[in-house]
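*Asks:* Following is a predicted model, sequence given first.
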Amino acid sequence: MKKNEIYTVECIDDTNLGSGVARIENQVVFIPRAMKGEKLDTRIVKVDKRYAFGKIEKLIEPSQHRVESACEVERLCGGCQLQYMDYPAQLDLKHRHVSRLFKNVNENIEVEFPIGMEEPFYYRNKAQFPVQVKDGQVLMGFYRQHSNDIIPCKECKIQSKEINEIYQYIQEKIRVSQAKGLRHIFIRTSNTEAQVVFIGKFENNFKPLINGLTAKFPQITSIVFNKNLRKDNVILGDQEKVLFGRNYLIQECLGNKVELHFKSFYQVNSSQMEKLYKTAIESAQLSRDMTCVELYSGVGTIGMTVSKYVKKVIGVEIVKEAVANAKRNCKLNNITNCEYICEDASIFAKKAKEKGLKIDVLFVDPPRKGMTDQGIQDIVCLNPKQVIYVSCNPDTLARDLKVFEKEGYTCSVVKPVDMFPQTTGLECVAVLKKD
Ligand code: SAH
């Protein structure tokens, strides 16, 4: 196989990241944006020892699931890796990928078909738009893939319509004097409220913009300035000043009101989140006499719902703003059997073991990197009868399930929920029981 040569191939497989897989002269070739079953001409762009990479030169027999993307910057931004296929094909791709992944952990694991969305666009409730001043002009939009260049665009197809409207208004009205020193504009929405956070090195005169925003969007209940002098790419800094209303937003989750500081984590797809938590809670066999622990509890969304079925819930979370929200949220919803602790999950587990805490069901919902082996050992020491592992990264979930299996926790079923249509992301609930 030679670089720059064109070959006619048929894709025999595809990858979870959105590449077709073909074979040329017994070597595997990955072709970004090609679909399984497609016949095409590919131009080879790179040949490594084990793999080669090609690009689509001409589609000869396109898949019936291929679609024109509706987004003008789809290829530049790179946020939606799967927009070139229709939604049923996206779900099918994700299902095949996780089936393979979890059968590799234990071939008895049942991997259900992902629960999808009816309308797989305009779903995100949070956006962080980078802002720069360049050549006397304000640039606001999305980063070009793998760079810090901003590509301005009018609309994002996976953000809520309301976020798009607020974004467009700011993009139109913001002046150079207001954008200087700004790094990001954060917008979060719930079904009744909206919040805007200006994140930058110094506070400008945002008054005219704030007056305009609050007049046009009466649902805005919070505008904040967050000072960030950091040298790295962490978006939020430590200091905040409320410029309008309050520093939090009210969301609603499974009938509970949820107070949410802008630093607190919240699932970005509210309607799928409810399906995810319902799935997690229904998968646990809960009863009135049980004590449950929720590690990585955020603002308490899972625990508050679980609390209705059990005796006691203890939530553990490291971000202090989120713990403060969780405590207030229990009061707001008249929940008295939840306790929230601000602590590293691992330290909590050690202390709980020393105290001899008895746990029936443990819910765990870690960030993308998953758990550490030590973290899993800590859980194993606590000896819960059931573990419900909620994960936004199937790869780290599969890795962690292998460790749990060695420690005597068997996973019977994985239930995926598609929180991130158009992208390669997938959320999963894994149900583990002690042998
Ligand atoms: N269950 C919540 C939050 C899940 S996100 C929800 O669905 O809304 C993961 C959470 O873990 C975040 O809130 C993050 O702040 C928290 N976290 C990250 N590292 C942690 C650690 N070492 N100990 C405890 N919590 C941690």
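*Replies:* Everything's here; your move.

*Asks:* and the stretch 301-435 of the chain, which residues reach the ligand?
*Replies:* Along the stretch 301-435 of the chain, the residues adjacent to the ligand under the rule CB under 6 Å from any ligand atom are 301-302, 316-319, 322, 344-345, 365-367. All C-beta spots, glycine's among them, are computed from the backbone N, C-alpha and C.

*Asks:* of the residues you listed, buried ones?
*Replies:* 301-302, 316-317, 322, 345, 365-366 (16 or more other CB atoms under 10 Å).

*Asks:* now, the most widely separated pair of these?
*Replies:* For these, the farthest-apart pair by CB to CB is 301 and 345; their separation is 16.7 Å.

*Asks:* does the closest residue to residue 364 other than its chain neighbours have beta-bridge partners, and which?
*Replies:* Excluding its sequence neighbours, the residue lying closest to residue 364 (CB to CB, 6 or more residues apart in numbering) is residue 295, at 4.6 Å. The residues paired with residue 295 through beta bridges, assigned by DSSP bridges, are residue 316, residue 364.

*Asks:* check contacts around residue 295.
*Replies:* Taking CB atoms under 8 Å, 6 or more residues apart in numbering, we find residue 295 in contact with 316, 345, 348-349, 362-366, 379.

*Asks:* Let's have those residues in CSV, adding distance to residue 144 and pLDDT.
*Replies:* Converted to CSV, these look like this (distance: CB to CB, whole Å; pLDDT from 0 to 100):
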residue, distance to residue 144, pLDDT
316, 39, 96
345, 36, 92
348, 41, 94
349, 42, 91
362, 42, 97
363, 38, 97
364, 36, 96
365, 32, 94
366, 30, 94
379, 41, 92
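
*Asks:* between these, which is nearest residue 216?
*Replies:* Distances from these to residue 216 were compared by CB to CB; the smallest belongs to residue 365, at 36.4 Å.

*Asks:* what about the spatially closest residue to the closest one that is not a sequence neighbour, how many neighbours?
*Replies:* Once its chain neighbours are removed from consideration, residue 365 has its nearest residue in residue 390; the separation is 4.1 Å (CB to CB, 6+ apart). Residue 390 is surrounded by 24 other residues when neighbours are defined as other CB atoms under 10 Å.

*Asks:* for residue 141, same thing?
*Replies:* Residues lying near residue 141 (other CB under 10 Å) number 21.

*Asks:* Check the one 3 residues further on too.
*Replies:* Around residue 144 sit 14 other residues, with neighbours defined as other CB under 10 Å.

*Asks:* And for residue 435?
*Replies:* When neighbours are defined as other CB under 10 Å, residue 435 has 7 of them.

*Asks:* coming back round to it: reformat the residues of the stretch 301-435 of the chain next to the ligand as JSON lines; add secondary structure and distance to residue 178.
*Replies:* Shown next, in JSON lines, are these (DSSP: H, G, I helix; E, B strand; the rest coil; distance: CB to CB, whole Å):
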{"residue": "301", "secondary structure": "helix", "distance to residue 178": "35"}
{"residue": "302", "secondary structure": "helix", "distance to residue 178": "39"}
{"residue": "316", "secondary structure": "strand", "distance to residue 178": "40"}
{"residue": "317", "secondary structure": "strand", "distance to residue 178": "35"}
{"residue": "318", "secondary structure": "coil", "distance to residue 178": "34"}
{"residue": "319", "secondary structure": "coil", "distance to residue 178": "29"}
{"residue": "322", "secondary structure": "helix", "distance to residue 178": "30"}
{"residue": "344", "secondary structure": "coil", "distance to residue 178": "39"}
{"residue": "345", "secondary structure": "helix", "distance to residue 178": "40"}
{"residue": "365", "secondary structure": "coil", "distance to residue 178": "38"}
{"residue": "366", "secondary structure": "coil", "distance to residue 178": "38"}
{"residue": "367", "secondary structure": "coil", "distance to residue 178": "33"}
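
*Asks:* In the residues you listed, find the pair that's most separated.
*Replies:* The two members of those with the most space between them (CB to CB) are 301 and 344, at 20.2 Å.

*Asks:* before we move on, back to that, quick one: the buried ones among the residues of the stretch 301-435 of the chain next to the ligand as TSV, columns for distance to residue 112 too.
*Replies:* TSV is the format used below for those (distance: CB to CB, whole Å):
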residue	distance to residue 112
301	22
302	20
316	28
317	28
322	30
345	27
365	19
366	21
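
*Asks:* Tell me the helix or strand right after the one helix or strand residue 215 maps to.
*Replies:* In the assignment (DSSP states H and E), residue 215 maps to helix 207-216. Helices and strands here follow DSSP H and E; after helix 207-216, the next one along the chain is strand 220-227.

*Asks:* Dump the following helix or strand past that next one to PDB, restricted to CA.
*Replies:* Moving toward the C-terminus from strand 220-227, the next helix or strand (DSSP H and E) is strand 239-245. Provided in PDB are the C-alpha atoms of strand 239-245 (Å, rounded to 0.1, in the frame of the first residue of the first chain):
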ATOM      1  CA  GLN A 239     -13.600  34.400  42.800                       C
ATOM      2  CA  GLU A 240     -17.100  35.200  41.900                       C
ATOM      3  CA  LYS A 241     -19.300  38.300  42.100                       C
ATOM      4  CA  VAL A 242     -23.100  38.300  41.500                       C
ATOM      5  CA  LEU A 243     -24.000  41.000  39.000                       C
ATOM      6  CA  PHE A 244     -27.700  40.200  38.800                       C
ATOM      7  CA  GLY A 245     -30.000  37.900  40.800                       C
END
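
*Asks:* by how many degrees do strand 239-245 and strand 220-227 diverge?
*Replies:* Our comparison of strand 239-245 with strand 220-227, counting by axes from the mean of the first three to the mean of the last three CA atoms, to 10 degrees, yields an angle of 150 degrees.

*Asks:* Now residue 240: closest residue in space that isn't a chain neighbour?
*Replies:* Beyond its immediate neighbours in the sequence, the residue positioned closest to residue 240 (CB to CB, 6+ apart) is residue 226, lying 5.0 Å away.
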